[in-house]
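Undergrad: Could you look at this predicted model? Sequence included:
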Amino acid sequence: MVGVYQLLKKTKNIYAILFGTSLLFINPFFYGRILDGQDNVYLVSVGCVWLLYFLKQVFEKQGYKYSIITGIFSLLLVWTSLYSVYFIALACCVFSVTYFL
């Protein structure tokens, strides 16, 4: 929930922030993964929100500090589950295309 708040706090729209954080709080996908014992799927789903925040900081601040943090965080996500490579690649492509256009 903190990751979603960090992503949405610049909108300064309290309804968008409340909707985004409550969507993750009451999401049945997360509870189903916990009950099934699929901790790696849960960790990747939650970690992707933080990855999006760090990617946003890389393109906004353009410093090497956030690039290193994003790289380490991506490595941790891949170490958690190999299928997170697809999410990371998709997020990087989308941020790159939107930034350069």
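TA: Structure received. Worth saying up front: this structure is predicted, and the values here are computed from it rather than measured.

Undergrad: Output the contacting helices and strands for whichever helix in the chain runs longest.
TA: The residue-count maximum for a helix in the chain (DSSP state H) belongs to helix 39-61. Applying 3 or more CB pairs under 8 Å, 6 or more residues apart in numbering; DSSP states H and E, we find helix 39-61 packed against helix 2-8, helix 28-36, helix 64-80, helix 84-100. For glycine as for every other residue, the C-beta is placed from the backbone atoms N, C-alpha and C.

Undergrad: Which other helices and strands does the third one contact?
TA: With contacts defined as 3+ CB pairs under 8 Å, 6+ apart, helix 64-80 has these neighbours: helix 39-61, helix 84-100.

Undergrad: next one: the shortest one
TA: For helix 2-8, the contact count by 3+ CB pairs under 8 Å, 6+ apart identifies helix 14-25, helix 39-61 as packing neighbours.

Undergrad: what does that helix rub up against?
TA: Applying CB atoms under 8 Å, 6 or more residues apart in numbering, the external contacts of helix 2-8 come out as 16-17, 20-21, 23-24, 46, 49-50, 52-53, 56.

Undergrad: repeat that for 10 Å
TA: Outside of helix 2-8, the residues within contact range by CB atoms under 10 Å, 6 or more residues apart in numbering are 14, 16-25, 46-54, 56-57.

Undergrad: Identify the residue nearest the geometric centre of this protein.
TA: In the chain, the C-alpha nearest the mean C-alpha coordinate belongs to residue 49, at 1.8 Å (CA atoms, centre = their mean).
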